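A.B. asks: I need the structure of the sequence given here:
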Amino acid sequence: MPETIKINGVSIDRGEKVLTRLVISKLPSGTVIDIPVYVFRSVHDGPVLLLMAGMHGDEVNGTEIIRRMITKKMLYPLKGTIIAVPILNIYGFLNFSRDVPDGKDVNRSFPGNKEGSLASRVAHRFMKEVMPYIDYGVDFHTGGSSRGNYPQIRCVLAEPKNQQLAEAFAAPFTLNASYRQGSLRKEAAKLGKHILVYETGESLRFDERGIAAGIEGTLRLMHHLGMGNAAPSPSEPTTICMKDIWVRAKNAGLFRSNVAEGGYVKKGQIVGTITDPYGEMEVRLNAPAAGYVVGLNNMPVVNQGDALMHIAF
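C.D. replies: Below you'll find the model as predicted:
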């Protein structure tokens, strides 16, 4: 851990707690858009842990996890440093949107370019100012529009350090998830840094179960890294899944699920139906594999090909 961390031109010494704001750009109105970055430093040497949310502006559960931990003073480390970013994509947050105004996804824009698109500029500023100091991190996410996720950690389990961090976090599910091009997780891995992705709930909705699980998992991870005192035990055992598959809509119509998030299904089991609005057609959906329902579409009106159910095994 360095003696001094310098973010946004602000020098932060051991033992200090600082809030700084990364100015990204301005709205057409001239309103400045900046990203609040909280830095909590112990006087004792230790790792640097990133807690980040709001990569997609409509994914509010991670923002709430970090907000509650800041409010309850849970982020003062016994050793090392915690860098907390409650909202990375301020544009999306203001507009209830996944993306930035140019329509691009920040999490497909890393490592970014200071002369590139708006999403690329956000990614570049983060990589320049914050990423150099990070050892480990949790990137908090939420399911897409009307699709809920059961609380889960995603990482590449072939990496021993990722596996150790995931075991320490102890979410209800841990999914082996390959790196995606342009993602924060992939770019961090290239630099030898280890980022877990935590998923829970659906966009623009608070998921109290997942928020509580995220806070408790973060406390366990901090304890594992020597940054926090004893942490709560997991409320349910962790299930490790190495593969996953999506059930997609065979037809357009009205979708009804027969199963709940977190439940187990057998291969061939009828997991839902799609009907037309007039009662003339009904299509049954069968599970393509045995496994656990880690994601579920809550939108009743679906189009052919829509992702309806995420099964991991």
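A.B. asks: chain center to stretch 281-289: distance?
C.D. replies: Averaging C-alpha positions (Cα atoms, centre = their mean, to the nearest Å) puts stretch 281-289 30 Å from its chain's average.
A.B. asks: Show me which positions of it end up buried.
C.D. replies: For stretch 281-289, the neighbour count (16 or more other Cβ atoms under 10 Å) marks Leu285, Ala287, Pro288 as buried. To be clear about C-beta, it is placed using only N, CA and C from the backbone, and glycine gets the same treatment.
A.B. asks: Kindly report the same for stretch 107-120.
C.D. replies: Buried, per 16+ other Cβ under 10 Å, within stretch 107-120: Asn107, Ser109, Phe110, Pro111, Gly112, Ser117, Leu118, Ala119, Ser120.
A.B. asks: Tell me the one of those residues nearest Thr275?
C.D. replies: Taking Cβ to Cβ as the measure, Thr275 lies nearest Asn107 of these, at 35.3 Å.
A.B. asks: Surely that closest one touches Met52?
C.D. replies: No - contact status for Asn107 versus Met52: not in contact, 10.8 Å apart, counting by Cβ atoms under 8 Å.
A.B. asks: picking that back up, take the buried residues of stretch 281-289 and keep only those in strands.
C.D. replies: Of the buried residues of stretch 281-289, the ones assigned to strands by DSSP state E are Leu285.
A.B. asks: Kindly reformat the buried residues of stretch 281-289 as CSV containing pLDDT and distance to Asn176.
C.D. replies: Output for those, formatted as CSV (pLDDT from 0 to 100; distance: Cβ to Cβ, whole Å):
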residue, pLDDT, distance to Asn176
Leu285, 97, 25
Ala287, 98, 20
Pro288, 97, 18
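A.B. asks: can I see the domain layout of this protein?
C.D. replies: Domain assignment for the chain by automatic domain parsing gives 4-239, 243-312.
A.B. asks: can you give me the end-to-end distance of stretch 72-88?
C.D. replies: One end of stretch 72-88 to the other measures 21 Å (Cα to Cα, to the nearest Å).
A.B. asks: Can you give me the buried ones in that stretch?
C.D. replies: Neighbour counts over stretch 72-88 (16+ other Cβ under 10 Å) mark 74-75, 77, 79-88 as buried.
A.B. asks: mind checking how far that stretch is from the chain centre?
C.D. replies: Relative to its parent chain, stretch 72-88 has a centroid offset of 16 Å by Cα atoms, centre = their mean.
A.B. asks: quick revisit: most tightly surrounded among the domains of the chain?
C.D. replies: Most buried of the domains of the chain, by mean neighbour count (mean count of other Cβ atoms under 10 Å): domain 4-239, with a mean of 19.
A.B. asks: Straight-line length of it, end to end?
C.D. replies: Domain 4-239 has an end-to-end distance of 40 Å (criterion: Cα to Cα).
A.B. asks: ditto for stretch 280-291
C.D. replies: Using Cα to Cα, the two ends of stretch 280-291 sit 32 Å apart.
A.B. asks: Identify the residues contacting that stretch?
C.D. replies: With contacts defined as Cβ atoms under 8 Å, 6 or more residues apart in numbering, stretch 280-291 is touched by 241, 243-245, 247, 250-251, 253, 264-275, 308-309, 311-313.
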